[in-house]
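> My questions are about this predicted structure, shown below with the sequence.
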Amino acid sequence: MPEQRARKYHQDRIAETIREEIDAMILGDLSDPRISSAHVTQVLLNPGGKSAEIYLQVDGGPAAEVATIEGLMAARGWIRAELKYRMGKRQVPDVAFHADRSERMVGRIDELLTRTRKRNKYPQAEPAAAQPEESLAPAKTVQE
């Protein structure tokens, strides 16, 4: 059991290092005109450590997002070589880049929740009660 925790901790450290290094490369080292301003939000390592899914949040619209992902996929050989050098490792995982749409999804969910709250705050006309309140009270017994 402790061995599994140690392995998970090691993978988390490697993923965090990869995230920091690729973020630094995007900000300063890559000169591809397709790559716009972006930052790495998450790195998911395969349990074997052979591949990594890298999620990016790209500033700009969908066209900038697609162009940035294409530019990074074209430069992934250089990115892997640079990671080997910066991390001092013989092997680094194969990288694949994906757009992180979680922020947009959170915004959409917030918008839907706000609409629901407004709708519940000002309800539609309520249907008339089927029975008057008197009929809900317990029946009185007459004692003689």
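Structure received. As the structure is a computational prediction, the values presented were derived from the model and not from experiment.

> Okay, strands next: where are they in this structure?
Secondary structure of the chain by DSSP state E: the strands cover 38-45, 51-58, 94-99.

> Contacts for the shortest one, please.
Applying Cβ atoms under 8 Å, 6 or more residues apart in numbering, the set of residues contacting strand 94-99 from outside is 18, 22, 50-58, 65, 69, 72-73, 76, 79-80, 83. Heads up, the C-betas are built off the backbone N, CA and C, glycines and all.

> Show me the one of the strands of the chain that comes nearest residue 121.
Proximity to residue 121 (Cβ to Cβ) singles out strand 51-58 among the strands of the chain, at 33.0 Å.

> Name only those of the contacts of strand 94-99 that count as buried.
18, 22, 52, 54-58, 65, 69, 72, 76, 79-80, 83 (16 or more other Cβ atoms under 10 Å).

> For residue 4, state which of the residues you listed is nearest.
Nearest member of those to residue 4, counting by Cβ to Cβ, is residue 52, at 19.8 Å.

> okay, the closest one: pLDDT?
On the pLDDT scale, residue 52 is placed at 93.

> quick one: contacts for it?
15, 18, 43, 44, 45, 46, 93, 94, 95, 96.

> what's the distance between it and residue 38?
Distance of residue 52 to residue 38, given as Cβ to Cβ, to the nearest Å: 16 Å.

> Same question for residue 4.
Relative to residue 38, and taking Cβ to Cβ, residue 4 is found at 33 Å.

> More neighbours: those two, which one.
Neighbours per residue (other Cβ atoms under 10 Å) separate residue 4 from residue 38, with residue 38 holding more: 24 against 8.

> Roughly how far does the more buried one sit from residue 97?
From residue 38 to residue 97 the distance is 9 Å (Cβ to Cβ).

> residues contacting residue 6?
Residue 6 touches nothing, counting by Cβ under 8 Å, 6+ apart.

> what about it, distance to residue 42?
From residue 6 to residue 42 the distance is 22 Å (Cβ to Cβ).

> now swap in residue 10 and tell me
In terms of Cβ to Cβ, residue 10 sits 18 Å off from residue 42.

> Please consider this matter closed, and thank you.
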